[in-house]
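Colleague: Here is my input; please provide its structure:
(2 chains)
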Amino acid sequence: MLEHLIPVLAGTLGAATPLIFAGLGELVAERTGVINLGVEGMMLIGAIAGFAAAADSGGGALAGLPAGAVAGMLAALVFAVLSLSMAANQAACGLALTIFGVGLSAFIGQHYVSFSLPGLQPLDIPGLVDIPVLGRILFHQDPVTYLGLITFAIVWWVLRKTRLGLVLKAVGEAPDAAHAIGYPVIAIRYGATLFGGAMAGIAGAYLSTVYTPLWVQNMVAGRGWIAIALVVFATWNPTRLLLGAWLFGGVTILQFHAQGLGIALPVQFLAALPYLATVVVLVLISRDKRLLQLNLPASLGKPWMP
Amino acid sequence: MSTPPPPFSGPPAGTPRLELSGITKRYPSVVANDGINLKVGPGEIHAVLGENGAGKSTLMKIIYGAVQADAGQIQWNGREVVVANPAEARRLGIGMVFQHFSLFETLSVVENIALALDEPFDLKALAIRVKEVSTRYGLPLDPDRLVHSLSVGERQRVEIVRCLLQQPQLLILDEPTSVLTPQAVQKLFETLRRLAAEGVSILYISHKLHEIQSLCHSATVMRGGKVTGTATPSRETPASLARMMIGRELPVCEVPAYTGIATPALTVSKLSLVPDDPFGTRLQDIELEVHRGEILGIAGISGNGQAELLAALSGETTSTPDSVKLVGLPVGHLDAGRRRKHGLAFVPEERLGRGAVPSMSLADNATLTAQRQGLVKKGFLRPKAAWDFAKRCIERFDVRCGGPGAAARSLSGGNLQKFIVGREIMQQPIAMVVAQPTWGVDVGAAAFLRQTLIDLSRQGVAILVISEELEELFEICDRIAVLAEGRLGPAVPKAETNAEKIGMQMSGLFAPADKEPAHAAA
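Modeller: Purely as a prediction, here's the structure:
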């Protein structure tokens, strides 16, 4: 039993990593009142940029991740200029960005179809990896997965304990009041949106250079949408987001194993399971309307001009 | 800012703390401030008196740096300054308490205060200081409470404490008492007097004459963007101040006796509602009865269930059939349109958005609510009938506008309110519910609206008025009840109560109030 469970749980952490990055980025942006539905597009742009950089430079994932971050940020910049500086509808801009990302990544990606990359070897944390059971689950991961957890800790700490976190929340809550006290609302929203883009880009690049290091068209496969859903159902709380990402990762790995064991269910159904399970569980968790209302950034999605 | 202000060592004797000269601000359609001069000395409480639209708020925003003047000079402690933004105003030592609070609902008191201070981020230390300062000035506050759970008066304390922590030399208060009970007003005045005694200058913006007379050392009166006079309020009478403010005598309403038979027209019984909105107020066991020929006033600070009660009466929120009855007919389960058909009329608080569709013409707006006038036949509009209806309403109620085709948003607050009230009256309702009838309306239109409501009631219509303005309720109502924390007190004939008793009830005390409660507002 245990020898089956350890690889499942260990795999869960890796499968959750892209959602942790993309979700944290979107969470920060939404805290300031910006809803960017372009996460899927930014992830795809990050994925292809990361893959191209990794393949062409020969630097592998170490070159791919920064390239993905920069590409994701540029995509977010387009969104920010339209929806923040020009106060265009955020939902429409985000959807357009996703459609653009799908097309652009497929276009550039045609040169890389069936290319593969070396990926990243798991990094054992000395000492800790020898802890029985837990060591193999938690401390035998690829470096980016550790980075994701560190990022989570930093975002949690900043939102919870620092003035910056308070300002982000204040801007999302009441941009007029924040402006009246003298905070640069638009600049803060730009910063949060670009952070969201960089995070989505890293998430995409992780998928294409580390998680499944070969190029397949549309390889993000809806994870961007799941990240957006996670943020809402997690009621803009990073810890819940982390749990949601692990749930998604866990079911993803489980269904792989189920496929491997030849369970008599259509593959398509098994492949859909992680999405289904995540959405159902999160909807159940977030049935508390009060909780949702209290945490909802009041200005979410509303264009604001000084 | 290029040069920091020198450390404050007190201005030379006789130098005003703030001196404005020739401040002018033009907007495309109006000159909001036209050559304003104003002088405030250290420790002086200076009133800026004027009607809505006189340009008071614009002037204060210019002082606070939120708006830039087109012309004129600001002297601060004898030096000319340019206040580019609110942050700079705060650095100079200018604090402002806004009329519409600039607080963040889902943050705690101390977090709200921390956001406005330019100092190292340490919530624990700040919470201790908040406690100290708030106790010292008699403004008790719990630093860890979330703002959305505070009463309006407590929110104002947060704003004031936030200003005080910045050790201001000038404090601007914009209509600070519009949301306070009479008792809370007295406490606020004590705080302000203490601050003034410590040398803080205060600019006090208001249109309430008695407040200015009891609090302020001096006053600048504005009308139509200009200064029409300066005065020492204690040496004036309310009438003479009013003349300066509105340019003529203060109009007075005539309240004749009702000669018809007073039968119940609108009855609410055992109405309890839990709001969907987590920031809303729960209504508990509301009981009220409005008779034909009377005006029943509901006093109270908004946020105590006013919005919820209004929605329950108008039909925006439905309840059990028997909880609302119109001349004995259960209508509690009906939507707003059906209730109108049965003879209930409404004038909501928000004129644009609830009372009228801003972008639509007056004629179209009339069609939307005139169910009883046959402006729609078998699902087809009758534009001619709607036009005539709107035209009659405009003529009868003296609505100054571009005719029935004018968009609702093009009318001033007072004229739009006259149109909405007129439109409802022309439905020949059995009962009418009016919220904040004269909010943001100039004195002339307000007097007209009040007289219109009195006259309507004397024709046998039952009228329910929900208002924050106690003076208004005492002027027009026959009976007054208080809504506090979602509970409605008993309706008492006007002659048997007074502002003090009503104020006590506003703090949530319905017991017979004959002595000072122990810090009711705390």
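Colleague: Surely B:Cys163 is in contact with B:Gly95?
Modeller: Yes. At 3.2 Å, B:Cys163 and B:Gly95 qualify as touching, with contact defined as C-beta atoms under 8 Å. From N, CA and C alone the C-beta is placed, and that goes for glycine too.
Colleague: Overlap in contacts, the two.
Modeller: Contact criterion C-beta atoms under 8 Å, 6 or more residues apart in numbering or on different chains; residues shared by B:Cys163 and B:Gly95: B:Leu171.
Colleague: so what's the spatially closest residue to B:Gly303 that is not a sequence neighbour up against?
Modeller: Of all residues not flanking B:Gly303 in the chain, B:Val152 sits nearest, at 5.3 Å (C-beta to C-beta, 6 or more residues apart in numbering or on different chains). The contact partners of B:Val152, by C-beta under 8 Å, 6+ apart, come to B:179-180, B:301-303.
Colleague: so how far is B:Ser206 from the spatially most central residue of chain B?
Modeller: A centroid search over chain B (C-alpha atoms, centre = their mean) returns B:Ser178, at 5.1 Å, as the residue closest to the centre. Counting by C-beta to C-beta, to the nearest Å, the gap from B:Ser178 to B:Ser206 is 9 Å.
Colleague: One more: A:Ala63?
Modeller: In this view, A:Ala63 and B:Ser206 are 66 Å apart by C-beta to C-beta.
Colleague: quick one: which of the two has more around it?
Modeller: B:Ser206 (22 against 19; other C-beta atoms under 10 Å in any protein chain shown).
Colleague: Neighbours of residue 275, how many?
Modeller: Answering for chain A, as no chain was given. 18.
Colleague: could you do chain B instead?
Modeller: By other C-beta under 10 Å, neighbour count at B:Pro275 equals 16.
Colleague: What is the neighbour count of residue 90?
Modeller: As the question left the chain open, I've gone with chain A. A:Gln90: 24 neighbours (other C-beta under 10 Å).
Colleague: Not quite, go with chain B.
Modeller: 22.
Colleague: So it sits against B:Leu165, correct?
Modeller: No. B:Arg90 is beyond contact range of B:Leu165, at 10.7 Å (criterion: C-beta under 8 Å).
Colleague: Flag every buried residue along stretch A:135-154.
Modeller: A:135-142, A:144-149, A:151-152 (16 or more other C-beta atoms under 10 Å in any protein chain shown).
Colleague: out of these, which are inside strands?
Modeller: A:140-141 (DSSP state E).
Colleague: do the longest helix that chain A contains and chain B meet?
Modeller: Counting residues, the longest helix found in chain A (DSSP state H) is helix A:2-31. No. Judged by C-beta under 8 Å from any C-beta of the partner chain, helix A:2-31 stays clear of chain B, getting no closer than 11.1 Å.
Colleague: other SSEs contacting that helix?
Modeller: Secondary-structure packing of helix A:2-31 (3 or more C-beta pairs under 8 Å, 6 or more residues apart in numbering or on different chains; DSSP states H and E): helix A:39-57, helix A:134-138, strand A:140-141, helix A:143-161, helix A:163-173, helix A:185-206, helix A:223-233, helix A:238-260.
Colleague: State the mean pLDDT of it.
Modeller: Averaged over helix A:2-31, pLDDT sits at 92.
Colleague: likewise stretch B:203-216?
Modeller: Stretch B:203-216 comes out with an average pLDDT of 87.
Colleague: what's the following helix or strand after the helix or strand containing B:Lys25?
Modeller: In this assignment (DSSP states H and E), B:Lys25 forms part of strand B:18-27. For strand B:18-27, the following helix or strand on the C-terminal side (DSSP H and E) is strand B:30-40.
Colleague: Name every strand pairing with that following strand and say which way it goes.
Modeller: strand B:18-27 (antiparallel) (DSSP bridges).
Colleague: Show me what the strand it pairs with is in contact with.
Modeller: Contacts for strand B:18-27 (C-beta under 8 Å, 6+ apart): B:31-40, B:55, B:58-59, B:62-63, B:67, B:69-76, B:170, B:201, B:203.
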